[in-house]
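Asks: what's the 3D shape of this:
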Amino acid sequence: MSRKAGIVAGCWLLACVGIGRGPGGALASELRLDLDPFRTQPRTEKIYPLDKSQPFYLSLDALRGADSSLRPDDLKLDFDFPLVYHPRIERWLNYFTVGEGREVFARWLARSGRYEEMIRQILREEGLPEDFLYLAMIESGFNPVAYSRARAGGIWQFMPSTGRKYGLSMDWWADERRDPEKSTRAAVQYLSDLYARFGSWHLAAASYNAGEGKIQRAIDTYETEDYWELLDYSFLRNETKDYLPKMIAAAIIAKNPERFGFTDVALEPPVEYETVPVSDATDLRVIARCAGATYQEILRLNPELLRWCTPPGRSWQVRVPKGTAETFQLAYAQVPPSQRVTFRRHVIRQGETLSEIAASYRTGVGAIMQVNGIRNPRTIRTGQSLIIPTPIGSAPAVVASAPRSTPKKSPAPPPVAKNPPPGTKKVVYTIQSGDTLWAISLAYDVTVAQLKSWNGIRNHYELKPGDTVMVYTTQSEPLILASNPPATPPQNSSSITYTVRRGDNLWTIAQRFRLRIEDIQAWNSLERDHILQPGDRLQLFVAKEN
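Replies: Alright, predicted model coming up:
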């Protein structure tokens, strides 16, 4: 104990003796408060309900919350994390219960139902206090797709470097910091390492926020290993000083929601799923179809996936709704590998860059480089063939360097093919806005050359909406073309207004919110060649998790 702490403790002793003799002494006993500041705590930090750093009656006022009739024995204080009291905790209790943070905390509390059981189980398996659950609550509000300004991500808000250190991979295809289970296991290991270093759960939690180096320097500077004493100095940021008080306040309220007025908050049901392996890149829409689920369901169960498919070149464990694993495996085995994801072949033309090619196919430069083993984007050359990963059914935009010819007038009814392929049926397709011969060929599993032959088309040109083309196909129904946006917003989505910023375009906005460009165009009545300007406002329908 430092000299300063000894002086403070002596003052508390005199105050507490007087309190213990008065009528409040029984109430202090009822709260099971430790009023002996000279009591020596073992280095392993004995667990106790509350060890007040100020008179008990002030703490009682804070703990009453929204219910003025609340008595100490009404509170659930069965914590397995060392719970202490500090004036900062009182401020957070007020903020979350009667202040501006009440609405936010209600959302956190409702969302906790999704992951509480899973997180507590992992903490229990590894021998950590289960109430570290509330560290995830204050970090992200249990939002797996949350990102901070400092690029921390996921439920546990791992920074990229720390995430990689604890086995979480991050690339253009997936960010495992957003995987609730994997990131929880990584966070548990990180907290275990921090406790092994400092021997204190309080310092371990503070280090999770500030970094172990910062906390070690604070300990060395002020010669104390008491987190609460370090709050008296200016060395730590306010964010770190508020970190444990905020977590403890959140824990007290979450364990006693009705006592703090959160009687109308219903916990969301736990996320239930089964995992199934896919051996290589597979479109999430294919996975949804095989599992008998919706695309949005697969997205919600797999928040770590950033694109429309699982990462190429490696196996991946995909979550599907509980009870659908067997159905998925049977259906997936019947899908030919060529139909599990779409890869297009592109021949580089003179003057093209990877960024232009990526934009034309609505994909990313990183994806093209990874699939084609390109290390330096400047090494591509004219005539080189590239494999382009794209969502199933998507049509590439017109490449900037490709010449455009004047659209033709509506052609005469298409001629009848002299020798239609055996086993096919004739389909007359009406061109819609944004369609290309390439997209139509992919939708009906035919080639562009066949479409030209069947319809007497000699040159590539922009098809005019209302024209018709004849297709001979074996497919019972076409894949959904990218040019056909949904008529209504997806289920379980919420409407937001997004203000376009400098550098934004439809592709970057679609990637950020995991939407399709065509949907954004349809919702906002944008023409295909519309150019966004900073300050434009877009209506987006995004999954509620986002």
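
Asks: break this protein down into its structural domains.
Replies: Per the record, the chain has its domains at 102-260, 273-339, 343-394, 403-475, 493-543, by automatic domain parsing.

Asks: can you put those in CSV and add distance to His86 and mean pLDDT?
Replies: For glycine as for every other residue, the C-beta is placed from the backbone atoms N, C-alpha and C. What follows is those, written out as CSV (distance: least, CB to CB, whole Å; pLDDT from 0 to 100):
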stretch, distance to His86, mean pLDDT
domain 102-260, 6, 95
domain 273-339, 35, 92
domain 343-394, 46, 80
domain 403-475, 60, 65
domain 493-543, 37, 75
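
Asks: can I get those domains in JSON lines including distance to Phe79 and mean neighbour count?
Replies: As requested, the domains of the chain are exported to JSON lines (distance: least, CB to CB, whole Å; neighbours: other CB atoms under 10 Å):
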{"stretch": "domain 102-260", "distance to Phe79": "5", "mean neighbour count": "19"}
{"stretch": "domain 273-339", "distance to Phe79": "29", "mean neighbour count": "18"}
{"stretch": "domain 343-394", "distance to Phe79": "45", "mean neighbour count": "16"}
{"stretch": "domain 403-475", "distance to Phe79": "58", "mean neighbour count": "15"}
{"stretch": "domain 493-543", "distance to Phe79": "34", "mean neighbour count": "15"}
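
Asks: isn't Ala249 up against His86?
Replies: No: counting by CB atoms under 8 Å, Ala249 stays clear of His86, with 9.9 Å between them.

Asks: about what we covered before: can you list the domains of the chain in TSV and add distance to Ala266?
Replies: TSV is the format used below for those (distance: least, CB to CB, whole Å):
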stretch	distance to Ala266
domain 102-260	6
domain 273-339	18
domain 343-394	36
domain 403-475	43
domain 493-543	18
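
Asks: who wins for proximity to Tyr95 among these?
Replies: Among the domains of the chain, the nearest to Tyr95 by CB to CB is domain 102-260 (7.9 Å).

Asks: where does Leu83 land in three-state SS?
Replies: Three-state call for Leu83 (DSSP: H, G, I helix; E, B strand; the rest coil): coil.

Asks: next, count neighbours for it.
Replies: 19 (other CB atoms under 10 Å).

Asks: which pLDDT value goes with it?
Replies: Looking at Leu83, its pLDDT stands at 78.

Asks: Leu70 now?
Replies: pLDDT for Leu70: 47.

Asks: ok, Trp201 - contacts?
Replies: Glu45, Phe81, Pro82, Pro129, Tyr195 (CB atoms under 8 Å, 6 or more residues apart in numbering).

Asks: helices or strands up against the longest helix seen in the chain?
Replies: Of all the segments of type helix in the chain, defined by DSSP state H, the longest one is helix 102-125. In terms of contacts (3 or more CB pairs under 8 Å, 6 or more residues apart in numbering; DSSP states H and E), helix 102-125 is packed against helix 87-97, helix 133-140, helix 180-198, helix 243-255.

Asks: off-centre distance for that helix?
Replies: Centroid displacement of helix 102-125 relative to its chain, using CA atoms, centre = their mean, to the nearest Å, is 15 Å.

Asks: before we move on, back to that, a markdown table for the contacts of Trp201, including distance to Val188?
Replies: Converted to a markdown table, the contacts of Trp201 look like this (distance: CB to CB, whole Å):
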| residue | distance to Val188 |
| --- | --- |
| Glu45 | 18 |
| Phe81 | 14 |
| Pro82 | 18 |
| Pro129 | 11 |
| Tyr195 | 11 |
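
Asks: for the residues you listed, which one is nearest Thr324?
Replies: Distances from Thr324 to those, taken by CB to CB, are shortest for Pro129, at 35.2 Å.

Asks: roughly how far apart are that closest one and Pro82?
Replies: Pro129 is 8 Å from Pro82, where distance means CB to CB, to the nearest Å.

Asks: next: Asp179.
Replies: For Asp179, the distance to Pro82 equals 29 Å [CB to CB].

Asks: Lys425 too?
Replies: Lys425 sits 72 Å away from Pro82, going by CB to CB.

Asks: ditto for Arg512
Replies: 40 Å.

Asks: hmm, back to that, so which of the helices and strands packed on helix 102-125 comes closest to Ala206?
Replies: Closest approach to Ala206 among the helices and strands packed on helix 102-125 (CB to CB): helix 243-255, 6.0 Å.

Asks: can you show me the strands along the stretch 201-350 of the chain?
Replies: 273-278, 316-321, 342-347 (DSSP state E, counting those that start in this stretch).

Asks: and the second one, which strands flank it?
Replies: Neighbouring strands of strand 316-321 in its sheet, by DSSP bridges, are strand 273-278 (antiparallel).

Asks: please enumerate the helices of the stretch 351-500 of the chain.
Replies: Along the stretch 351-500 of the chain, counting by DSSP state H, counting those that start in this stretch, helices occupy 354-360, 365-372, 437-444, 448-455.

Asks: among the ones you listed, which is nearest Ser234?
Replies: Per CB to CB, nearest to Ser234 of the helices of the stretch 351-500 of the chain: helix 365-372, 42.7 Å.

Asks: relative to the whole chain's centre, how far out is that closest one?
Replies: 23 Å.

Asks: what sits up against it?
Replies: 171-173, 307, 312-313, 343, 354-355, 357-358, 374-375, 377, 386-389.

Asks: rerun that using 6 Å as the cut-off
Replies: Trp172, Pro312, Leu354, Ser355, Ala358, Leu386, Ile387, Pro389 (CB atoms under 6 Å, 6 or more residues apart in numbering).

Asks: what's the most distant pair in those residues?
Replies: So for the contacts of helix 365-372, where distance means CB to CB, the most widely separated pair is Pro312 and Ser355, at 20.2 Å.

Asks: reformat the helices and strands packed on helix 102-125 as TSV; add distance to Gly456.
Replies: Shown next, in TSV, are these (distance: least, CB to CB, whole Å):
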stretch	distance to Gly456
helix 87-97	70
helix 133-140	59
helix 180-198	55
helix 243-255	70
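
Asks: what distance do you get for Lys241 to Arg88?
Replies: 7 Å.

Asks: can you check Gly503 too?
Replies: As defined by CB to CB, Gly503 lies at a distance of 40 Å from Arg88.

Asks: got it, and Ala510?
Replies: In terms of CB to CB, Ala510 sits 42 Å off from Arg88.

Asks: over to Ala293?
Replies: Where Arg88 is concerned, Ala293 sits at a distance of 45 Å (CB to CB).

Asks: which other helices and strands does the one helix or strand Asp519 maps to contact?
Replies: Assigned by DSSP states H and E, Asp519 belongs to helix 517-523. Helix 517-523 is packed against helix 506-513, with contacts defined by 3 or more CB pairs under 6 Å, 6 or more residues apart in numbering; DSSP states H and E.
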